[in-house]
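Undergrad: Curious how this folds, go ahead:
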Amino acid sequence: MDDRGIQRIPASVYRQGEPDEHWDDYANWAADSDDPQVLETLVGAYSTESRHCCRVVIHRSLYAAAHGPLAAVLAERWWDSRDPWEAMVATRATGDAERLRTRLADERSGVVLAAIEGLAAHAAESAEIAVLGRIVARPEPDWRWSRAAAARRLRTIGGSDAEAALQQRFLSPLDPPWRDDPKWIAEHGPAAVPELIAQLGEQIWRWEGPYVLGALRVTAAVPTICRLLRDDPNWLAGIAALGRIGVVDSVETLMEPAITGNAEARDHSLRALVRISPGSAVAAALFAINDIEPDVRDRAARILTRHGDQRAVLALIRLCDTAFAEAAAGALGRIADPRAEPTLWKLFSTGTPRVRAAAGRALSRVPGPRRYLDYGARQRDPSLRLAYVRLLSHRPDWETPHSLEHWLRDPDPKVRAVTAHLIATLGLDTLRVPLDALLNDPDPRVRRAAASAGRRLDHRLDPQT
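TA: Here you go, the predicted structure:
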């Protein structure tokens, strides 16, 4: 009876019904059974059942039983079987290290894999090195899992003999050694470079080969990769490899997939160009900023905001109307082109606090006429007035003593305090009287700012004070 009070019928009863009953429930129940008769029933069904769906669940149940209570029975039953799957299950079911080591010399890859995985629970012995070395050197595609498992076992054993055996590993893109051993590229990669370059034309090496060559920054591979990339502009691994190698000669080749490739190729090409030649990346980004694919447009926008120059001013101005407004304002400030000044002032007046701060920093560098805050905006947003006063500290050409005296009377105490610091920074001793009046301000922050500004002015006039 289960937790809900419902009487559960044992799964074994299912096999007592109609002879055409499917094996799902029984096989799932039998996997953890410790009854030898249940195992015999499963083995008998394995031999006689013809329906594919039932054979799948029976195989799964017997595979799980190899680690169950009756594993030893299953191992003895199929140990000498010539069927690869039965022998693999028997190997998986045994826990005897010596029997497992005898399986390492088997010619069936699945049996060898099960033996190596079973040996993981036992201490490694140097006597295994020779046979494991033969396994890692086998070139057959169906041995790729056994090769990888044998290489892991050799690394567990360690020592110079194990390292020598690992160096004989067959190099295959199906089980590349660098995927489970990150140190392989640095330790053994240079020796494999000639073979990897020669294999680049093979379709099966189109991903793994460029990955290693790019990680090693192999400049000798650039001509071959460029030639193959011109034939296939959507070859992402080749594009990434050129970007990592970073040879200027590949810029011309990368410009083609940046324009004519598919969306992923265009995006990868822009990233590669940034690594090699930011100037060329800006030229490609100016074309890609109008791309139909949003990810490519975003990549182009990031390139323009980070590396943009005079060529990108108009594109950056348009980006000020997008989510890249903050970064675009920073780039325009770096370029300092007067054409951007009206847009930057608009961002300063209407943008979010972060955008306003970026626009303010840009306006401190971009030449332009003096700007005044709109009266309505000033009244609505005290933070805008505060930002404007801070901007004045970087644009003394905008400022007059009369206007600063006006900001000393602002209703916001933060504006009054910042204006006091600005007077001291500009050294405007002519405003000493209204500045001293802030010493009696009701807000303590303003009083402290006024006192500090007064001391700074005194020090300007008489450094000995």
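
Undergrad: Show the subsequent helix or strand relative to the helix or strand of the chain with the lowest mean pLDDT.
TA: For the chain, using mean pLDDT, DSSP states H and E, the weakest element among its helices and strands is helix 375-380, scoring a mean of 67. As assigned by DSSP states H and E, the chain's next helix or strand after helix 375-380 is helix 382-392.

Undergrad: Give me the mean pLDDT for that next one.
TA: Taken as a whole, helix 382-392 has a mean pLDDT of 86.

Undergrad: What residues of that helix count as buried?
TA: By neighbour count on 16 or more other Cβ atoms under 10 Å, the buried set for helix 382-392 is 384-392. The way it works is simple: take the backbone N, C-alpha and C, and place the C-beta from them, glycine included.

Undergrad: So of those, which two are at opposite extremes in space?
TA: Pairwise distances among these were taken by Cβ to Cβ; the largest, 12.9 Å, belongs to L384 and L392.

Undergrad: Could you name the helices and strands sitting against the lengthiest helix in the chain?
TA: Determined from DSSP state H, the single longest helix within the chain is helix 444-461. Where contact means 3 or more Cβ pairs under 8 Å, 6 or more residues apart in numbering; DSSP states H and E, helix 444-461 is packed against helix 413-426, helix 432-437.

Undergrad: Would you mind writing the CA trace of the helix or strand harbouring H406 as PDB?
TA: Taking DSSP H and E as the criterion, the element that holds H406 is helix 401-407. Provided in PDB are the C-alpha atoms of helix 401-407 (Å, rounded to 0.1, in the frame of the first residue of the first chain):
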ATOM      1  CA  PRO A 401      30.100  85.200 -11.200                       C
ATOM      2  CA  HIS A 402      26.500  86.400 -11.500                       C
ATOM      3  CA  SER A 403      25.100  83.000 -12.500                       C
ATOM      4  CA  LEU A 404      27.100  81.300  -9.700                       C
ATOM      5  CA  GLU A 405      25.600  83.600  -7.200                       C
ATOM      6  CA  HIS A 406      22.300  82.500  -8.500                       C
ATOM      7  CA  TRP A 407      23.100  78.900  -7.800                       C
END
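
Undergrad: How is the protein divided into domains?
TA: Per automatic domain parsing, the domain ranges recorded for the chain read 176-287, 380-465.

Undergrad: Now distance to E107 too, for the buried residues of helix 382-392, in CSV please.
TA: What follows is those, written out as CSV (distance: Cβ to Cβ, whole Å):
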residue, distance to E107
L384, 81
R385, 85
L386, 81
A387, 78
Y388, 83
V389, 84
R390, 79
L391, 80
L392, 85
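
Undergrad: Go through those and name the one nearest I317.
TA: After measuring the buried residues of helix 382-392 against I317 - Cβ to Cβ - the closest member comes out as L391, at 19.7 Å.

Undergrad: from what I can see that closest one touches S364, true?
TA: Yes: between L391 and S364 there is a contact under Cβ atoms under 8 Å: 6.4 Å.

Undergrad: Find residues that contact each of these two.
TA: Here L391 and S364 share no contacting residue, scored by Cβ atoms under 8 Å, 6 or more residues apart in numbering.

Undergrad: what residues are up against I157?
TA: 124-126, 128-129, 132.

Undergrad: residue boundaries of the helices in the stretch 151-300 of the chain?
TA: Along the stretch 151-300 of the chain, the stretches classed as helices by DSSP state H, counting those that start in this stretch are 160-166, 177-180, 184-198, 208-215, 222-231, 236-245, 251-260, 263-276, 278-288, 294-307.

Undergrad: Save those helices as a markdown table, and put in mean pLDDT and distance to P141 too.
TA: Putting the helices of the stretch 151-300 of the chain into a markdown table (pLDDT from 0 to 100; distance: least, Cβ to Cβ, whole Å) gives the following:
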| stretch | mean pLDDT | distance to P141 |
| --- | --- | --- |
| helix 160-166 | 90 | 20 |
| helix 177-180 | 89 | 16 |
| helix 184-198 | 92 | 17 |
| helix 208-215 | 95 | 14 |
| helix 222-231 | 95 | 24 |
| helix 236-245 | 95 | 21 |
| helix 251-260 | 92 | 31 |
| helix 263-276 | 95 | 28 |
| helix 278-288 | 94 | 40 |
| helix 294-307 | 95 | 36 |
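
Undergrad: closest to L154 out of these?
TA: helix 160-166 (4.5 Å).

Undergrad: can you pull the buried residues of that closest one?
TA: By neighbour count with 16+ other Cβ under 10 Å, helix 160-166 contains the buried residues 162, 165-166.

Undergrad: Please apply the same query to stretch 33-49.
TA: Buried residues in stretch 33-49, counted by 16+ other Cβ under 10 Å: 33, 38-39, 41-43, 45-46, 49.

Undergrad: export these to TSV and tack on secondary structure and distance to H22?
TA: What follows is the buried residues of stretch 33-49, written out as TSV (DSSP: H, G, I helix; E, B strand; the rest coil; distance: Cβ to Cβ, whole Å):
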residue	secondary structure	distance to H22
S33	coil	18
V38	helix	17
L39	helix	19
T41	helix	14
L42	helix	14
V43	helix	18
A45	helix	11
Y46	helix	15
E49	coil	10
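
Undergrad: Spatially, which two of those residues are the most separated?
TA: Every pair of the buried residues of stretch 33-49 checked by Cβ to Cβ; the farthest is S33 and E49, at 18.0 Å.
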